[in-house]
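S.K.: This is the structure alone, sequence omitted:
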């Protein structure tokens with residue numbers, strides 16, 4: 001576990017540093033905006049760490065996951081003097097953010113007392129592991145990974161907007177990128193709704209004492225998009241930010257530039273996150289292992305062995 005954490009922390013420090021150095025240097029305006037965004041990031045991450053440590057609710061970053069990219073993208077847009085491409089990018093991020101914030105809110109993620117709200121079920125399970133028996137180890141994990149790593153990743157995934165600053169004029173390619181990004185937002189919305197409907201109905205049946213049909217007896221959603229891939233919401237989330245990166249490609253003409261780092265690190269995070277989720281599901285639901293063996297994780301392709 002600690003080895004994985006260490007690797008993730010090193011990647012979010014070393015890889016962006018090398019990418020910045022190997023690519024075209026930032027312009028004066030880009031550097032000035034990045035400096036301001038970094039200050040916001042540090043303050044937000046520190047507040048998440050302090051609040052979670054005091055309250056014992058470690059989903060403080062989750063509350064900001066869908067909000068901070070909207071703030072970052074509009075700051076870049078405003079500082080650019082409202083360049084057309086950056087307006088379009090900020091609108092795309094806002095659509096994504098509003099949808100995801102709503103989904104998090106209806107699950108009880110927010111509260112009038114902002115430090116409260118539903119905590120991600122994985123944090124208590126992870127905290128109970130022997131590796132985190134000592135309080136200082138969990139506190140360090142919260143500081144480095146939950147707070148500063150994840151908040152840093154939130155900033156990195158929005159930086160294709162910074163890379164697009166002062167670049168080529170808006171083109172039809174940008175509208176195509178927008179359409180594809182919105183398509184993935186729609187897919188993620190449908191997938192989340194399918195999961196919401198399943199869990200709500202399963203809970204209703206259990207509370208009413210009625211017998212569960214085969215569909216609900218398994219305990220986990222496995223139809224609709226969930227019958228095609230095991231994590232359609234995660235797959236869509238990654239796809240949105242991979243597509244978002246291509247705005248910077250359209251803007252600069254560079255197929256590979258430093259702002260791709262956010263999308264790459266997001267893929268690594270979701271791979272690890274889904275692995276943890278699946279290990280929990282396999283311990284809870286006897287049929288999950290069979291489902292896992294038949295249905296691909298993120299891409300709807302099964303590689304024959």
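M.R.: Perfect, I can see it now. This is a predicted model, so every value here is computed, not measured.
S.K.: I'd like the average pLDDT over stretch 249-260.
M.R.: Mean pLDDT, computed over stretch 249-260, is 91.
S.K.: List of residues touching that stretch?
M.R.: Identification of contacts with stretch 249-260 by C-beta atoms under 8 Å, 6 or more residues apart in numbering yields 16, 19-20, 22-24, 85, 159-160, 162-164, 167-168, 171, 173-174, 177, 245, 248. All C-beta atoms are positioned from the backbone trio N, CA, C, and that covers glycine.
S.K.: what's the answer for stretch 86-98, then?
M.R.: The contact list for stretch 86-98 (C-beta under 8 Å, 6+ apart) reads 66-67, 69-70, 73-74, 76-77, 80, 158, 160-161, 164-165, 170, 174-175, 178, 181-182, 185, 240, 244, 247.
S.K.: Can you point out the buried residues in that stretch?
M.R.: 86-90, 92-93, 95-97 (16 or more other C-beta atoms under 10 Å).
S.K.: and what of stretch 138-147?
M.R.: 138, 141-147.
S.K.: Could you do stretch 165-183 as well?
M.R.: 165, 167, 170, 174, 177-178, 180-182.
S.K.: Residue ranges in the chain under the pLDDT threshold?
M.R.: 1-22, 302-305 (pLDDT under 70).
S.K.: Tell me where it has helices.
M.R.: 2-22, 28-55, 60-65, 68-79, 84-106, 122-127, 135-141, 150-158, 160-163, 172-208, 214-217, 232-252, 261-284, 288-294 (DSSP state H).
S.K.: Check which residues of the fourth one are buried.
M.R.: Okay, so that is helix 68-79. 68-77, 79.
S.K.: Equivalent analysis for the second one, please.
M.R.: Taking 16+ other C-beta under 10 Å as the neighbour-count basis, helix 28-55 is seen to contain the buried residues 30, 33-34, 37, 41, 44-45, 48-49, 51-53.
S.K.: Can I get these in TSV including distance to residue 279?
M.R.: Output for the buried residues of helix 28-55, formatted as TSV (distance: C-beta to C-beta, whole Å):
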residue	distance to residue 279
30	41
33	40
34	37
37	35
41	30
44	30
45	27
48	25
49	26
51	28
52	23
53	26
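S.K.: Quickly check those residues for the two that are furthest apart.
M.R.: Among the buried residues of helix 28-55, the pair separated by the greatest distance (C-beta to C-beta) is 30 and 53, at 34.2 Å.
S.K.: Give the buried subset of the contacts of stretch 249-260 as a ChimeraX selection command.
M.R.: Selecting the buried subset of the contacts of stretch 249-260 in ChimeraX, with 16+ other C-beta under 10 Å as the burial test, is done by:
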select :16,19,23,85,159,160,162,163,164,167,174,177,245,248
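S.K.: returning to that earlier point: closest to residue 300 out of the helices of the chain?
M.R.: helix 232-252 (8.6 Å).
S.K.: Just give me how far stretch 273-283 sits from the chain centre.
M.R.: 17 Å (C-alpha atoms, centre = their mean, to the nearest Å).
S.K.: Over to stretch 290-300?
M.R.: 21 Å.
S.K.: what does it contact?
M.R.: Here stretch 290-300 has contacts from 218, 220, 222, 226-231, 234-235, 238, 270, 274, 278, 282, 302, using C-beta under 8 Å, 6+ apart.
S.K.: Would you write out the PyMOL command that picks the buried residues out of those?
M.R.: In PyMOL, a selection of the buried entries from those looks like this (16+ other C-beta under 10 Å):
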select buried, resi 218+220+222+226+229+230+231+234+235+238+270+274+278
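S.K.: would you turn the buried residues of stretch 86-98 into CSV with distance to residue 131?
M.R.: CSV is the format used below for those (distance: C-beta to C-beta, whole Å):
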residue, distance to residue 131
86, 43
87, 46
88, 44
89, 40
90, 40
92, 39
93, 35
95, 39
96, 34
97, 34
